[in-house]
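Peer 1: Sequence and computational prediction follow.
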Number of protein chains: 4
Amino acid sequence: MTSPSLDFASDNASGVSDVVMRALLEANAGYAPAYGADPFTQESQARLSALFERECAVFLVATGTASNALALAALCPPWGAVFAHEDAHVMGDECGAPEFFTGGAKLVGLAGEAGRIAPESLREALARFPRGLVKQAQPAALSLSQATECGTLYGLDEIRALSAIAREAGLRVHMDGARFSNAVATLGCAPADLTWRAGVDVLSLGASKNGTWACEAVVFFDPALAADMAFRRKRGGHTLSKGRFLAAQMNAWLAEDHWLALARHANAQARALAEGLARIEGVRIAFAVEANEVFAVLPARVDAALKAQGARYYDWPSRRLPAGFAAGPQARFVRLVASFTHKPEDVARFLEIAEKAL
Amino acid sequence: MTSPSLDFASDNASGVSDVVMRALLEANAGYAPAYGADPFTQESQARLSALFERECAVFLVATGTASNALALAALCPPWGAVFAHEDAHVMGDECGAPEFFTGGAKLVGLAGEAGRIAPESLREALARFPRGLVKQAQPAALSLSQATECGTLYGLDEIRALSAIAREAGLRVHMDGARFSNAVATLGCAPADLTWRAGVDVLSLGASKNGTWACEAVVFFDPALAADMAFRRKRGGHTLSKGRFLAAQMNAWLAEDHWLALARHANAQARALAEGLARIEGVRIAFAVEANEVFAVLPARVDAALKAQGARYYDWPSRRLPAGFAAGPQARFVRLVASFTHKPEDVARFLEIAEKAL
Amino acid sequence: MTSPSLDFASDNASGVSDVVMRALLEANAGYAPAYGADPFTQESQARLSALFERECAVFLVATGTASNALALAALCPPWGAVFAHEDAHVMGDECGAPEFFTGGAKLVGLAGEAGRIAPESLREALARFPRGLVKQAQPAALSLSQATECGTLYGLDEIRALSAIAREAGLRVHMDGARFSNAVATLGCAPADLTWRAGVDVLSLGASKNGTWACEAVVFFDPALAADMAFRRKRGGHTLSKGRFLAAQMNAWLAEDHWLALARHANAQARALAEGLARIEGVRIAFAVEANEVFAVLPARVDAALKAQGARYYDWPSRRLPAGFAAGPQARFVRLVASFTHKPEDVARFLEIAEKAL
Amino acid sequence: MTSPSLDFASDNASGVSDVVMRALLEANAGYAPAYGADPFTQESQARLSALFERECAVFLVATGTASNALALAALCPPWGAVFAHEDAHVMGDECGAPEFFTGGAKLVGLAGEAGRIAPESLREALARFPRGLVKQAQPAALSLSQATECGTLYGLDEIRALSAIAREAGLRVHMDGARFSNAVATLGCAPADLTWRAGVDVLSLGASKNGTWACEAVVFFDPALAADMAFRRKRGGHTLSKGRFLAAQMNAWLAEDHWLALARHANAQARALAEGLARIEGVRIAFAVEANEVFAVLPARVDAALKAQGARYYDWPSRRLPAGFAAGPQARFVRLVASFTHKPEDVARFLEIAEKAL
């Protein structure tokens, strides 16, 4: 195993928080009805409804891919089209799960800087998919990633603007919130403001990347949209028999704003990493660090020195670099992800190696 | 919540064993690569290959439904037919997951006493599905449940006989082993004898009902059959990001025959329950208790007394009663499931209430 | 090619009527908008609405399998169950088309004599599929074949009774009318009485077996159910570019009760065949001949003599014989289908050979 | 109905050639086995194998959408990716039929001028889909349209070059030949040269747009690839019961190079149309006219005059205009399609109106 303190490969590389682990230990006592008919699951529904200031229909699952794909399937028929940023997770990182769960819908990639869909890109795409034109996929849903795949955030106004365009065209709005907690931690706004009050119909709320083992919630702000979800989830093999396992994680994660504390910590480590790297000659930060991810171009010597010391992180496709940036043999484009487990000394050590490499 | 000690509703009503919980605590330390590229997952593959005395291709998932449906999808094309006992879990308890994952295959229910497919039933069904007849589904797989939905077991000879019929007709053989550990505990034979040496191609090995939170393994005895499984699992949303979570459960479960110890314990409680009930006037045990389930007809007064004391168990459809049995207002057909958590005093208390009811 | 006059293999073995062929010749003149936006298609919609005394939503396709599968997909979600007679065409003669078009629904076979679903069989099946029980397919549609696969008919009362059971359970009712015209010809009732007035929601009306090349209509008596059909049909590849080709057939077939004349003729030949055969020693007619099919047990010598003279017809599975009948080496169970092209002298010749064989 | 002689809306707006109609009349005599077991179908297979100088596996269907979707499903698993020009018919004109028949594959649109995929665009796309990367769709097939959606053609060298790139990356090559006959008529090369000798595995050969009612052939140059096609076609509802109807069209179309004569005629009318239009002030021809389609920018007055006289043709999306062209209120971008039914006087009349408009 690599040296732990230099592992910035993924927020999935961490385990669970002590709080969550303790909750699992406690939930382990005794018997509970299976398949979600347990009091833990009821509690999770109440907690999420309270958090979002609205009666929500909540479905817990174990993976983000399931959460996204099931949510989109609830919004989009087999002949529908889902519009998402061209680099969104649903577009290219789920091996076609949205296509599978929707029964063959079309995912339409939209351009936009820094992982954010540009409104004109959405408008232009919608113009290409006139409603009722039988030979084409029918526009059904917009999927926004918050935080984005570039570690950036949509502002409230941006979400509202995109949602308005979508809703005017008769689309439903989905939010891929795999890193929703990181977004809330940064923006400091109410979860309701970031979602249904801004036009979002369904949120795929992720906890797995931020403190739990495997726990995601599909949150329907309009329960009517969830009419078929119990069947979809069961049929997809995503209804865990020991439902309390999922719910116990979610409940501990939500209690006393634990989720926000974890996210704030991760975000802070990412910012520290970015600030430190930015001071190193030749390093360029590609996107604003608004959540827990840092995308940077590193001089090859820096990259080599870090890897030689056991640092872990992913090389990133250079086609995703913003205009004005370049990568190549002498300049590596990389992604660093901080999680709730990273300590300031991990960041410091990482920066120290980078600085000395030049 | 109901009184714990009288909860025989489901083996899914229990939590996890202390051993498994401890393993999760230990696995929580440090960082590990995501999506199954971690050392825990490697270890689980090695452990399962060792257990089955053969190099296996192993895919861990979180639910039995996913495990069954993914396994069947690997064996059966969209235009294929899967033959299973008419009461099998894949037939009517998974909301069509096998149909979903195969892309619309046909599941053909076969008759047979006590949950076991009768060889003549299989032969007759195969005769109805001639290979190459384009208008019909093509025979593709036989699925055997071990233990069965009646809590009974196939003997080695029975598995061999059914497999031989299936293989001669060009079918692959799947085993739904949601309670495989209970079967091995009773039969005392090598797992390899019960599976590939008896003609089984793929085993859906369940751990969730017997000591873990959520852990199932699809075990391919011929790795060539698993060529597409990584894509199928990912696309189904069943590739957990924190793969070590699944693998740590499996490893602890397998180590030092913990799985067998848990199963033996559960089976013993079921047997004690059945033996005690059989001594009560008017109670009839519907099927031989060969695993951890007891199917019984209880006099209404016994049933009422138990429920009044908070006992939990399911009423079972009377159409599943064997010939010569009857249920109705005065005789309730019920299912009782024992798990690794039940203690002899739980059983004793249950029997005490039942005895006093008359 | 076999001697034409003895070909009773299938009503699909005939070509098209002269009237239909003439209509195609006429429709061939000039240009017409593609994909169903042509005046022929409009006319077909008007003609069918008039025939059924109600505004219908009509979708023409080229095959009965497409017609059935698309209709069922409009009525049944992927997690739904369709109830049909166990020998129905949708159950075992369409290579899983209903499963494909619905996205993996479950088809549940019901028993019943002479191809007709027994009401108690439907009731019993519905009891096994409680609405809202998430682990099971949800009851969605009843599919009735009129005429049945045994060449028999449901009476008006029988359709009403089955529909009533279905509707009370929240199911929609589909009618596979591949031989609907033969049914109407025999029953002499209004098409509306046989369908929506008796509780049928969607009819798959077949013309291909009775005088056209390739023409079937999915007729929705409640147009609201057809909201998505244009997309389903297009996506299934069933929207013919030269829509007038389908519509011209349908229009000619419907005009001046041509469809009924063709069906009456076919039915009469079938009855003559059955009556003649019934007089031959050792021949037994298995089902009442109410449409254009004769199911008979022929002495082996009769069978051999007919085949030696080039007669064509299918051996039929003996499991489909009614109680009290038997087939084997000395008694062949066969199906004979008469079509609009058969002449009385064809029947006479067939009977002559049969009679002389003894 | 619009004045026939000015209807350039679509080659689907024409009926069938006299030769084809005569063949249908002749094929109508007598009885023939159903579902493609007839001598007409056998003949069509032999004719196509002869035409392509190779034993082919041939499957006739009634629509181009079915032909494309079934062919792609044979080449691409549900988790596969199909690469096609971004304006290809399979991308946006079939309401997701390829997604439906493949079980949810991803269609990746590639850029390229005048409807032709640019080799660098294919290379770049393949680089984005590394084989074996589980989170992404797996590269499976390249689909080339010949003629293209811009009425242009790939030269032999271009097909060879694209096929070579595709095959090197492990992809199979499909050709959408809805207007294959128009391409052969122009290029004058052997059909084998344009297809399998240039690396094409499967051809969707269209006859419907060029002289038949509804007839398309999926031609597998490697019959092994067609192993499952009989099931896929049946299950898709695309196996016509009266198979001779499809085959009789195909046989007449192929006999004595009727198909080529029809295509040459259509192409000549398109060229004449383009040449005449090009002489009119303000008219610009957008793409080389290499098949039977003309894409032109017409001054608004010309457009209005034509439509006032009943001319029919489609406005085309201006985003498909090549660089250097513009459309708007004063300059309409339109598509004109010539077919085998257009006469020189139709073209002359069309041009006359256009010329006088200025």
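Peer 2: Sure, I can see it.
Peer 1: now chain A, which segments are flagged as low pLDDT?
Peer 2: A:1-4 (pLDDT under 70).
Peer 1: show me where it has strands.
Peer 2: A:57-61, A:80-85, A:106-110, A:138-145, A:172-177, A:202-206, A:216-220, A:284-285, A:293-299, A:314-315, A:331-337 (DSSP state E).
Peer 1: what packs against the last one?
Peer 2: Translated: strand A:331-337. Contacting strand A:331-337 under the criterion 3 or more C-beta pairs under 8 Å, 6 or more residues apart in numbering or on different chains; DSSP states H and E are the following elements: helix A:258-278, strand A:293-299, helix A:300-308, strand A:314-315. (Each C-beta comes from the backbone N, C-alpha and C, glycine too.)
Peer 1: do the first one and chain B meet?
Peer 2: No - residues of helix A:258-278 are not located near chain B by C-beta under 8 Å from any C-beta of the partner chain, the shortest gap being 13.6 Å.
Peer 1: who does that helix touch, helix- and strand-wise?
Peer 2: So helix A:258-278, by 3+ C-beta pairs under 8 Å, 6+ apart, packs with helix A:180-187, helix A:243-254, strand A:284-285, strand A:293-299, strand A:331-337, helix A:344-357.
Peer 1: so which of those gets nearest A:Ala217?
Peer 2: helix A:243-254 (6.3 Å; C-beta to C-beta).
Peer 1: buried stuff in that closest one?
Peer 2: Buried residues in helix A:243-254, counted by 16 or more other C-beta atoms under 10 Å in any protein chain shown: A:243-254.
Peer 1: packing partners for it?
Peer 2: helix A:18-27, helix A:39-51, strand A:57-61, helix A:258-278.
Peer 1: Tell me which of the ones you listed sits most buried.
Peer 2: strand A:57-61 (a mean of 26; mean count of other C-beta atoms under 10 Å in any protein chain shown).
Peer 1: CA atoms only for that strand, dumped as CSV, please.
Peer 2: Output of strand A:57-61 as CSV, limited to C-alpha atoms (Å, rounded to 0.1, in the frame of the first residue of the first chain):
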residue,chain,number,x,y,z
ALA,A,57,-39.3,10.9,-1.0
VAL,A,58,-35.9,9.3,-0.2
PHE,A,59,-34.3,6.1,-1.5
LEU,A,60,-31.0,5.0,-0.1
VAL,A,61,-28.6,3.0,-2.3
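Peer 1: Does it reach chain C?
Peer 2: No - shown here: strand A:57-61 not in contact with chain C (C-beta under 8 Å from any C-beta), separated by at least 11.4 Å.
Peer 1: helices and strands around that strand, which ones?
Peer 2: helix A:39-51, helix A:64-75, strand A:216-220, helix A:229-235, helix A:243-254.
Peer 1: And for the closest residue in space to A:Ala217 that isn't next to it in sequence, the neighbour number?
Peer 2: The spatial neighbour of A:Ala217 that comes closest, neighbours along the chain excluded (C-beta to C-beta, 6 or more residues apart in numbering or on different chains), is A:Leu205 at 4.5 Å. A:Leu205 has 30 neighbours, counted by other C-beta atoms under 10 Å in any protein chain shown.
Peer 1: thinking A:Leu205 is in contact with A:Cys215, fair?
Peer 2: No - between A:Leu205 and A:Cys215 there is no contact under C-beta atoms under 8 Å: 9.3 Å.
Peer 1: that older thread, list the contacts of the residue nearest to A:Ala217.
Peer 2: By C-beta atoms under 8 Å, 6 or more residues apart in numbering or on different chains, the contact list for A:Leu205 reads A:48, A:67, A:177, A:180, A:216-219.
Peer 1: Which residues of the stretch 151-300 of chain A lie near chain C?
Peer 2: Near chain C, when you scan the stretch 151-300 of chain A using C-beta under 8 Å from any C-beta, you find A:228, A:230-232, A:234-235, A:239.
Peer 1: what do you get if the cut-off is 10 Å, keeping everything else the same?
Peer 2: A:228-235, A:239 (C-beta under 10 Å from any C-beta of the partner chain).
Peer 1: can you list those residues in a markdown table and add neighbour count and distance to chain B?
Peer 2: Listed next are these as a markdown table, based on neighbours: other C-beta atoms under 10 Å in any protein chain shown; distance: C-beta to the nearest C-beta, whole Å:
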| residue | neighbour count | distance to chain B |
| --- | --- | --- |
| A:Asp228 | 15 | 11 |
| A:Met229 | 21 | 12 |
| A:Ala230 | 19 | 9 |
| A:Phe231 | 22 | 6 |
| A:Arg232 | 24 | 9 |
| A:Arg233 | 25 | 9 |
| A:Lys234 | 24 | 4 |
| A:Arg235 | 29 | 4 |
| A:Thr239 | 27 | 7 |
